[in-house]
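K.L.:
I'd like to go over a predicted model; first the sequence, then the structure.
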Amino acid sequence: MRVCLASTSPARLMLLRQAGIEPEARAPQVDEEAVIAEVEAASGRRLPAPEHVLLLARRKAADVALRLHDEDPSFDGVVIGGDSMFEVGDEILGKPYTPEAATERWRGMRGRTGILHSGHSVFRVAPGAAPTEAHAVAEASVTFAADVDDDEIAAYVASGEPLLVAGAFTVDSLGGAFIERVEGDPSTVVGMSLSTVRRLVRELGVSWTSLWNRS
């Protein structure tokens, strides 16, 4: 049973490896901003965070699943896609990209609690059959220490770690020392809820343990 990760995220790859799975990896060919803009224009409203992450997770996984189905007819396994966003109050925070944006976010987040929304999509791809899909959103709350000072924020931003992650923080690396509490599946905050992926895989008739391929 093969596993393909429809993502180039190092965090998601690490999670699967820690769970006993060495996946193949393919970058989805999805223009995320265009997808969101098209759907929001059609609906006439801004997508709330759970709908946002689920839409992108499904589009990413579908893109890779359909290409695998066409390009590798022998593929027999699952394709896993995901997307994450962090929400504090009424503000949705994606990747900050710049040191200035990351610094501003951390100054506003310290002492507060936010929600990490993680969309998941799993496709079952098998020879001679149309791909089938199961999907879900997982959420976890994250509380930041109130005493994180400006020097610590500056040093953390200078490390480069928060620039390319949703919400400008990690829980499993340098940022973990500034987080006081996580409520929910901890792997959700890393990038993908393993318990959710296991449930979706089982919905598609696949045993989770059949995906273990690391010694």
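P.N.:
Alright, I've got the coordinates.
K.L.:
Secondary structure element holding the residue of the chain positioned farthest from its centre?
P.N.:
Distance from the C-alpha centroid of the chain peaks at residue 128, with 29.9 Å (Cα atoms, centre = their mean). Residue 128 belongs to no helix or strand when elements are defined using DSSP states H and E.
K.L.:
Residue 121 versus that one, what's the distance?
P.N.:
According to Cβ to Cβ, to the nearest Å, residue 128 and residue 121 sit 22 Å apart. C-betas here are computed from N, CA, C, even on glycine.
K.L.:
and the helix or strand hosting residue 85, how far from the chain's centre?
P.N.:
Following DSSP H and E, one finds residue 85 within strand 77-88. Relative to the centre of its chain, strand 77-88 is centred 3 Å away, using Cα atoms, centre = their mean, to the nearest Å.
K.L.:
all strands of this protein, in order?
P.N.:
Remark: strands assigned in the chain by DSSP state E are 2-5, 24-25, 77-88, 91-93, 113-125, 132-144, 179-183.
K.L.:
closest to residue 159 out of those strands?
P.N.:
strand 179-183 (15.4 Å; Cβ to Cβ).
K.L.:
Touching that closest one from outside, list them.
P.N.:
113, 140-145, 169, 171, 189 (Cβ atoms under 8 Å, 6 or more residues apart in numbering).
K.L.:
Output the residues you listed in CSV; the columns should cover pLDDT, neighbour count and distance to residue 81.
P.N.:
Shown next, in CSV, are the contacts of strand 179-183 (pLDDT from 0 to 100; neighbours: other Cβ atoms under 10 Å; distance: Cβ to Cβ, whole Å):
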residue, pLDDT, neighbour count, distance to residue 81
113, 97, 14, 28
140, 96, 20, 19
141, 96, 14, 24
142, 97, 25, 23
143, 97, 15, 28
144, 97, 22, 28
145, 97, 14, 33
169, 94, 27, 22
171, 91, 21, 21
189, 92, 30, 18
